[in-house]
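S.K.: Okay, predicted coordinates and the sequence, questions at the end:
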Amino acid sequence: MSVLERVRRPADVRRLTSAEVETLAGEIREFLVAAVSRTGGHLGPNLGVVELTLAVHRVFDSPRDRLVFDTGHQTYVHKILTGRRDFSALRQRGGLSGYPSRTESDHDIVENSHASTALSWADGIAKAHQLQGLGDRHVVAVIGDGALTGGMAWEALNNIADGQDRRLIIIVNDNGRSYAPTIGGLAHHMDALRTTRSYERVLDWGKRTLQRSGRPGRMTYDALHGLKKGVKDVVAPQGLFEDLGIKYIGPVDGHDTTAMEFALTRAKAFGGPVIVHAITEKGRGYVPAES
């Protein structure tokens, strides 16, 4: 029996070993190429989010944790991992929808396509969790770099930045351009520091202590703060998001499941809005789609 045949629900994905997850990623790609070649559909975008989607379902507990996708056509892998593997009538009457569908599964909560709405939905759902006292639940929004150009997405980011106690993770699926990678143990350690409350407490303590020390202390704080900001902006393009007040992790290799799981685990532990910036390749693993 293949690994894919053993996966019927997200809990099955979480029980797999790292080696089995790697095997599963390859099997999913083979399945997608064969199935979509027969029915038509969005092949390239889904080949590009295989490892990313696997990592999401290994770190979060859908449907208890809510997953929202923008664009909605990158949900084929999500459908496979949530028990919907019959692609024989994809996008046809009586078959699977090419987008999230609440009539298909409790794992789909928002039916959307290309309208840059995922972040607004995610913010509203996170606020609803907060009002209901469901503080142990998370909302994960996966948004492509194309959808992120929509004005509605930026309006949502403005609102999200004002809700620092909402458990909301934004995964930017960036397949349009690449950045110099930050790799190795030091990079992971810095990500962990940046997304822990203890790090924020240390920063607050340093600010209070140095600024009470008169002009020399204030000058020292300004110099150290400027150096920290400058180094971080050189290493990763996070300044824009962090200036909005939203924590940033990345760039992360979106095709490295272990790296994605590490980044998402840190984001989950933070307790507030976090952006995880994943670099992916549309059509990954299938040369015609890559081209």
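M.R.: Great, that's in hand. Every value quoted in this text rests on a predicted model; they were computed, and no experiment measured them.

S.K.: can you pull out the strands in the stretch 1-150 of the chain?
M.R.: Under the criterion DSSP state E, counting those that start in this stretch, the stretch 1-150 of the chain contains strands at 66-70, 139-144.

S.K.: To residue 131, which of the ones you listed lies closest?
M.R.: Nearest to residue 131 among these is strand 139-144; the distance by CB to CB comes to 13.3 Å. All C-beta spots, glycine's among them, are computed from the backbone N, C-alpha and C.

S.K.: I'd like to know which elements that closest one is packed against.
M.R.: Under the contact criterion of 3 or more CB pairs under 8 Å, 6 or more residues apart in numbering; DSSP states H and E, strand 139-144 touches helix 50-59, strand 66-70, helix 118-131, strand 168-174.

S.K.: With mean pLDDT and mean neighbour count added, can I get those in CSV?
M.R.: Putting the helices and strands packed on strand 139-144 into CSV (pLDDT from 0 to 100; neighbours: other CB atoms under 10 Å) gives the following:
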stretch, mean pLDDT, mean neighbour count
helix 50-59, 96, 25
strand 66-70, 93, 27
helix 118-131, 93, 20
strand 168-174, 91, 26
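
S.K.: Those into JSON lines, with extra columns for distance to residue 153?
M.R.: Below are the helices and strands packed on strand 139-144 laid out as JSON lines (distance: least, CB to CB, whole Å):
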{"stretch": "helix 50-59", "distance to residue 153": "18"}
{"stretch": "strand 66-70", "distance to residue 153": "8"}
{"stretch": "helix 118-131", "distance to residue 153": "5"}
{"stretch": "strand 168-174", "distance to residue 153": "10"}
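
S.K.: follow-up on the earlier one: of all the strands of the stretch 1-150 of the chain, which lies closest to residue 93?
M.R.: Taking those one by one with CB to CB, strand 66-70 is closest: 23.1 Å.

S.K.: how far does that closest one sit from the chain's center?
M.R.: In this view, strand 66-70 has its centroid 9 Å away from the chain centroid, taken as CA atoms, centre = their mean, to the nearest Å.

S.K.: Any chance you could list what contacts it?
M.R.: Contact with strand 66-70 is made by 56, 60, 75, 78, 100, 107, 109-110, 112, 114-119, 121-122, 125, 137-144, 147, 153, as judged by CB atoms under 8 Å, 6 or more residues apart in numbering.

S.K.: Among these, the buried ones, what's the ChimeraX command?
M.R.: The command below creates a ChimeraX selection of those among the contacts of strand 66-70 that count as buried (16 or more other CB atoms under 10 Å):
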select :56,60,75,78,100,107,109,110,112,116,117,118,119,121,122,125,137,138,139,140,141,142,143,144,147,153
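
S.K.: Flag the shaky bits of the protein, pLDDT-wise.
M.R.: When residues are selected by pLDDT under 70, those of the chain lie in 176-211, 216-243, 286.
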